[in-house]
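# sequence-free structure coming up:
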């Protein structure tokens, strides 16, 4: 699972430098701020396209980039408001946070589905889910934590967008989003690994214990 999450982290880090650098370059070239924001998002889409051609893999983060770009073009064309253009990304983030709460009513909440997809061992994840009640409870709590984190991010971002000068808001929110995601990923992986290790110590000879440890490396 570690390798998959490292790919996510690399994608998040990439989403700091590219949008901010592209926005600053385009405004320096004379673009209106709202279209500079759209253009910066477009650069991220181009990078995503290159990655897809190379790997033939479209991640959840990549889908979010495409959705944000499409909505960004619409917002820019209809409103011409640069701050609203910037805020719409965090409306999406907040919507994901709300969906996370709704997903608690499903058999598997949002974070369980995401971790299963990224695990590289979906069968092993399913086995844990079916036989370890603590594992299920952990993922429901993690989903609540992600919901709270994403909703808080949305609120803080909107305050920054409308309180700071526009360029400062672009930089601040470009750091805020990856920092929030990195923090949530770090806590999620630490708690999940701790749970697995505690179970292995409690039942070192249980079937699948060695396989479980290997799958989480």
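All right, it came through fine. Here the structure is a predicted model, which means the values were calculated and not measured.
# same question for the lengthiest helix in the chain, mean pLDDT?
Scanning the chain for the longest helix, with DSSP state H as the assignment, gives helix 166-202. The average pLDDT within helix 166-202 is 86.
# which strands and helices sit next to it?
Applying 3 or more C-beta pairs under 8 Å, 6 or more residues apart in numbering; DSSP states H and E, one finds that helix 166-202 contacts helix 2-28, helix 82-102, helix 110-119, helix 133-163, helix 209-215. Backbone N, C-alpha and C define where each C-beta goes, glycine included.
# so where's this structure shaky on pLDDT?
Within the chain, the segments meeting pLDDT under 70 span 1-16, 58-62, 202-217.
# for it, which residue is closest to the average position?
residue 181 (5.4 Å; C-alpha atoms, centre = their mean).
# Look up how far residue 153 lies from that one.
To residue 153, residue 181 is 9 Å away according to C-beta to C-beta, to the nearest Å.
# so how many other residues sit close to the closest residue to residue 158 other than its chain neighbours?
Using C-beta to C-beta, 6 or more residues apart in numbering and skipping residues adjacent in sequence, the residue nearest residue 158 is residue 87, 5.7 Å away. Counted with other C-beta atoms under 10 Å, residues neighbouring residue 87 total 19.
# go on, residue 154?
23.
# Residue 124 now?
18.
# and it, what helix or strand is that in?
Using DSSP states H and E, residue 124 maps to helix 122-131.
# Show me what that helix is packed up against.
helix 110-119, helix 133-163, helix 209-215.
# So which of these is nearest residue 104?
With C-beta to C-beta, the closest approach to residue 104 among those belongs to helix 133-163: 6.1 Å.
# Quick one: list the elements packing against that closest one.
Helices and strands touching helix 133-163, by 3+ C-beta pairs under 8 Å, 6+ apart, are helix 82-102, helix 110-119, helix 122-131, helix 166-202.
# Need those in TSV (columns: distance to residue 63).
Conversion of these to TSV gives the following (distance: least, C-beta to C-beta, whole Å):
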stretch	distance to residue 63
helix 82-102	11
helix 110-119	12
helix 122-131	19
helix 166-202	15
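# wait, which of those is closest to residue 53?
Closest approach to residue 53 among the helices and strands packed on helix 133-163 is made by helix 110-119 (21.8 Å; C-beta to C-beta).
# and the angle for that closest one with helix 133-163?
If you take axes from the mean of the first three to the mean of the last three C-alpha atoms, to 10 degrees, helix 110-119 sits at 100 degrees to helix 133-163.
# The spatially closest residue to residue 19 that is not a sequence neighbour and residue 146, how far apart?
If the residues on either side of it in the chain are set aside, residue 19 comes closest to residue 40, at 4.5 Å by C-beta to C-beta, 6+ apart. For residue 40, the distance to residue 146 equals 26 Å [C-beta to C-beta].
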